[in-house]
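Colleague: everything below, folded, please.
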Amino acid sequence: MSINADEDTEFNDALRKHGILPPKEAPPPSPSPPPSPTFDDLLEDFTPAELRELAEDAADDDAERAIHAYARQAEAEDRAAAQLARFGRVYPIGREDYTREVTEASTVDEPGVGAASVDEDEDEEMMMRTGTGVVCFLYKDGQPASERTFTHIRTLAARHPRTKFVSIVGDKCIPNLPDSRVPMIIVYRKGEIRHQVVAWGADRERTVDELEVLLLITGAIIPPERPPQKEKKDDDSEDEDSDFDDDSRRRSAATSTNGRASKNIRGPTQSKSKKKAGGDDSDSDFDFDL
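Modeller: Take a look at the predicted model:
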């Protein structure tokens, strides 16, 4: 007689008791119930106007006051975000506009951020938050790489309205600029050139994500603030390492500028590091004193 070891019978129990059958496998643990939503979790999807209507129907005075307080906080956050989102599109400029719309515009601090609030000894990341990130895009009409990159520039301008994006035809900005050097991207902040890329996407088709990572690394755009992540368990370390490797590969791909070093265009001011080193941008093929 064949025995089905998986059956839950008294006979099988007796066999297990004498070691003839292996013990039954323990049932998998029941998943933990999700945590109860907090008061803020319940209200975060409502607009300030909806919160005020909700407060009128509150069960008691304490709930009404709490909802009104949350509505005021949400309104203040919306006002602050609106002040920071000053741009949101690409601004076409001419050569005569360059100093005002790029160099000088990059020295303007965001609302609520001033020189007094950032010490000169602060780290580089904090210094990146002063002034305004300005991305100057030089292009050529009808050039495939320029047209593809222009699409990405428009997307990022809408996605990051705290950063100013401007565009100008390459040879109208820099006389006799060779077509081989466009599309060109020049990043300014605090009146200085922070980064410069020539012939972006000329070697291969680049993605908007690659360009976004490049602008994040160079400080042109500021990443959105994220809540602190919860501490991961040890069994998540493998996934964490994998995420790190993927991010490193993306950054490496984004910062690779077509396999050759780009020459700096001499801007209106020199970076602090070059001043200290006594260097200049004299290796540039072009004079760019706008």
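
Colleague: per-domain residue ranges of the protein.
Modeller: By the assignment in automatic domain parsing, the chain contains the domains 39-84, 90-222+252-277.

Colleague: now tabulate those in CSV and tack on mean pLDDT, distance to residue 29 and mean neighbour count.
Modeller: From N, CA and C alone the C-beta is placed, and that goes for glycine too. Listed next are the domains of the chain as CSV, based on pLDDT from 0 to 100; distance: least, Cβ to Cβ, whole Å; neighbours: other Cβ atoms under 10 Å:
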stretch, mean pLDDT, distance to residue 29, mean neighbour count
domain 39-84, 83, 26, 13
domain 90-222+252-277, 81, 39, 17
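
Colleague: would you turn these into CSV with distance to residue 8?
Modeller: Output for these, formatted as CSV (distance: least, Cβ to Cβ, whole Å):
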stretch, distance to residue 8
domain 39-84, 42
domain 90-222+252-277, 54
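
Colleague: what sits against the closest residue to residue 89 other than its chain neighbours?
Modeller: In space, and not counting its chain neighbours, residue 89 is closest to residue 157: 5.5 Å by Cβ to Cβ, 6 or more residues apart in numbering. By Cβ atoms under 8 Å, 6 or more residues apart in numbering, the contact list for residue 157 reads 87, 88, 89, 90, 163, 165.

Colleague: wait, which of the residues you listed is closest to residue 220?
Modeller: residue 163 (5.8 Å; Cβ to Cβ).

Colleague: residue closest to the middle of the chain?
Modeller: residue 223 (3.6 Å; Cα atoms, centre = their mean).

Colleague: quick check: closest non-adjacent residue to that residue.
Modeller: Spatial nearest neighbour of residue 223, chain neighbours left out: residue 216 (5.9 Å); criterion: Cβ to Cβ, 6+ apart.

Colleague: surely residue 70 touches residue 43?
Modeller: Yes: at 5.1 Å, residue 70 counts as touching residue 43 under the criterion of Cβ atoms under 8 Å.

Colleague: overlap in contacts of those two?
Modeller: Counting by Cβ under 8 Å, 6+ apart, the shared contacts of residue 70 and residue 43 are residue 51.

Colleague: wait, a helix at the residue nearest to residue 223?
Modeller: Yes: Residue 216: assigned to a helix according to DSSP: H, G, I helix; E, B strand; the rest coil.

Colleague: report the contact partners of residue 88.
Modeller: Shown in contact with residue 88 (Cβ under 8 Å, 6+ apart): 157, 158, 161.

Colleague: cool, and residue 177?
Modeller: Per Cβ under 8 Å, 6+ apart, neighbours of residue 177: 138, 170, 171, 184, 286.

Colleague: host element of the third one?
Modeller: Here residue 171, judged by DSSP states H and E, is contained in helix 170-173.

Colleague: out of the contacts of residue 88, which is nearest to residue 134?
Modeller: Of all the contacts of residue 88, residue 134 sits closest to residue 157, with 11.3 Å by Cβ to Cβ.

Colleague: can you tell me how far the closest one is from residue 82?
Modeller: Distance, residue 157 to residue 82, using Cβ to Cβ, to the nearest Å: 17 Å.

Colleague: same question, residue 220
Modeller: Relative to residue 82, and taking Cβ to Cβ, residue 220 is found at 21 Å.

Colleague: then residue 130?
Modeller: Look at residue 130 and residue 82: by Cβ to Cβ, they are 20 Å apart.

Colleague: for residue 147, same thing?
Modeller: For residue 147, the distance to residue 82 equals 32 Å [Cβ to Cβ].

Colleague: secondary structure class of residue 196, three-state.
Modeller: strand.

Colleague: can you give me the helices for the stretch 151-290 of the chain?
Modeller: With DSSP state H, counting those that start in this stretch as the criterion, the stretch 151-290 of the chain has helices at 170-173, 208-217, 237-255, 272-277.

Colleague: can you point me to the longest helix in this structure?
Modeller: What stands out as the longest helix in the chain, according to DSSP state H, is helix 61-84.

Colleague: need the CA coordinates for that helix. PDB is fine.
Modeller: These are the backbone C-alpha positions of helix 61-84, laid out as PDB (Å, rounded to 0.1, in the frame of the first residue of the first chain):
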ATOM      1  CA  ASP A  61     -13.000  70.800  17.400                       C
ATOM      2  CA  ASP A  62      -9.600  69.100  17.800                       C
ATOM      3  CA  ALA A  63      -9.900  67.400  14.400                       C
ATOM      4  CA  GLU A  64     -11.000  70.700  12.800                       C
ATOM      5  CA  ARG A  65      -8.000  72.600  14.200                       C
ATOM      6  CA  ALA A  66      -5.600  69.900  13.100                       C
ATOM      7  CA  ILE A  67      -7.000  69.800   9.500                       C
ATOM      8  CA  HIS A  68      -6.900  73.600   9.300                       C
ATOM      9  CA  ALA A  69      -3.200  73.600  10.500                       C
ATOM     10  CA  TYR A  70      -2.400  71.000   7.900                       C
ATOM     11  CA  ALA A  71      -4.100  73.100   5.200                       C
ATOM     12  CA  ARG A  72      -2.000  76.200   6.200                       C
ATOM     13  CA  GLN A  73       1.200  74.100   6.100                       C
ATOM     14  CA  ALA A  74       0.200  72.800   2.600                       C
ATOM     15  CA  GLU A  75      -0.500  76.300   1.300                       C
ATOM     16  CA  ALA A  76       2.900  77.600   2.600                       C
ATOM     17  CA  GLU A  77       4.700  74.700   0.900                       C
ATOM     18  CA  ASP A  78       2.800  75.400  -2.400                       C
ATOM     19  CA  ARG A  79       3.800  79.100  -2.200                       C
ATOM     20  CA  ALA A  80       7.400  78.200  -1.500                       C
ATOM     21  CA  ALA A  81       7.500  75.800  -4.500                       C
ATOM     22  CA  ALA A  82       5.900  78.400  -6.800                       C
ATOM     23  CA  GLN A  83       8.600  80.900  -5.900                       C
ATOM     24  CA  LEU A  84      11.300  78.400  -6.700                       C
END
